[in-house]
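In: Fold the following, please.
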Amino acid sequence: IKANNDNKRTIKSSKTLGRCLCIITGASKGFGRSLVPYILQAGSVVLLVARSGLLLEELKTDLENLTVPLGLVVNCVSADLGTAEGVAKTLEARLKSSLSFLICQSILSFFIASLGAISQFCSFTDPAQVNAYISFNVSSALALTAGVLQALPQRPGRKRTVVNVSSVFAHKPLPRWVLYCTAKAARDMMFKVLAEEETDLKVLSYSPGPMDTEMQEEIFRQMGVRHELMPCQKSGAKLLNLVLDGDFPSGAHIDFFDL
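Out: Alright, predicted model coming up:
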């Protein structure tokens, strides 16, 4: 994948996603937003989901300034995936374009988490606060993935891939980050189980490395360390090449620095 002079990106590979349904949660900013230009392909359907309707509108405006491939459908959904209503709203948006989805060759979903409160373990005495974070970052990913897979089961010629945007902190404890580490660990295991159950499905937990995002800046600020942050597009390029090649065991956790 490379960036052209006109700021458009192309995938340099012998393989392509083909006609694809792509769902990106957390698409309004950061890593989720940086992935969008990579998956704009002719005849595809892209569903961009985020809590902020304003940021999604800004993203939609940016996309309109790009050269849009023929037959591309982009739907923006402002929804809080921490609620049943938000998950239902996202699945309903998928149903509204059911004809387009049915002819897709590939199903590609990216699930991106939020940061959450940063505090000592013993400060989390309110179950409602904990449940709200877990609901948004774990429960919603399970429910939304299950809904999409039910509606779009495997069939000959169809490739389905689910990408969980993970972190090194899914396996490495970090003081004061109990919510974040717990959710990342839970999501990794959740998608490992999915890989075991759905053997025709490619499942990947991808740790994108230290990227130049508000979340990463906050992580390093709280840790009191300095670290060079890379552009999101650099990690996104590696991820898309990895997905296209498919050269990983389903359910694997792969770090940016392993590639």
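
In: can you map out the helices along the stretch 51-200 of the chain?
Out: Counting by DSSP state H, counting those that start in this stretch, the stretch 51-200 of the chain has helices at residues 53-64, 84-96, 98-102, 127-134, 140-151, 178-197.

In: can you give me how far the longest one is from the chain middle?
Out: To tie it back to what came earlier, the one meant is helix 178-197. How far helix 178-197 lies from its chain's middle: 14 Å, per Cα atoms, centre = their mean, to the nearest Å.

In: Only alpha carbons, please: show that helix as PDB.
Out: The C-alpha trace of helix 178-197 is given here as PDB (Å, rounded to 0.1, in the frame of the first residue of the first chain):
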ATOM      1  CA  VAL A 178      -7.500  -2.000  34.600                       C
ATOM      2  CA  LEU A 179     -10.500  -1.300  32.400                       C
ATOM      3  CA  TYR A 180      -8.500  -1.000  29.200                       C
ATOM      4  CA  CYS A 181      -6.300  -4.100  29.800                       C
ATOM      5  CA  THR A 182      -9.300  -6.100  30.900                       C
ATOM      6  CA  ALA A 183     -11.400  -5.200  27.800                       C
ATOM      7  CA  LYS A 184      -8.500  -5.900  25.500                       C
ATOM      8  CA  ALA A 185      -7.800  -9.300  27.100                       C
ATOM      9  CA  ALA A 186     -11.500 -10.200  27.000                       C
ATOM     10  CA  ARG A 187     -11.800  -9.200  23.300                       C
ATOM     11  CA  ASP A 188      -8.800 -11.300  22.300                       C
ATOM     12  CA  MET A 189     -10.200 -14.400  24.000                       C
ATOM     13  CA  MET A 190     -13.700 -13.700  22.700                       C
ATOM     14  CA  PHE A 191     -12.400 -13.600  19.100                       C
ATOM     15  CA  LYS A 192     -10.300 -16.700  19.700                       C
ATOM     16  CA  VAL A 193     -13.500 -18.600  20.600                       C
ATOM     17  CA  LEU A 194     -15.100 -17.300  17.500                       C
ATOM     18  CA  ALA A 195     -12.200 -18.600  15.400                       C
ATOM     19  CA  GLU A 196     -12.600 -22.000  17.000                       C
ATOM     20  CA  GLU A 197     -16.300 -22.100  16.300                       C
END
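
In: Now residue 60. Nearest residue, chain neighbours left out?
Out: In this structure, residue 60 finds its nearest non-sequential neighbour in residue 76, 5.5 Å apart by Cβ to Cβ, 6 or more residues apart in numbering. Where C-beta positions appear, they are placed from N, C-alpha and C, glycine not excepted.
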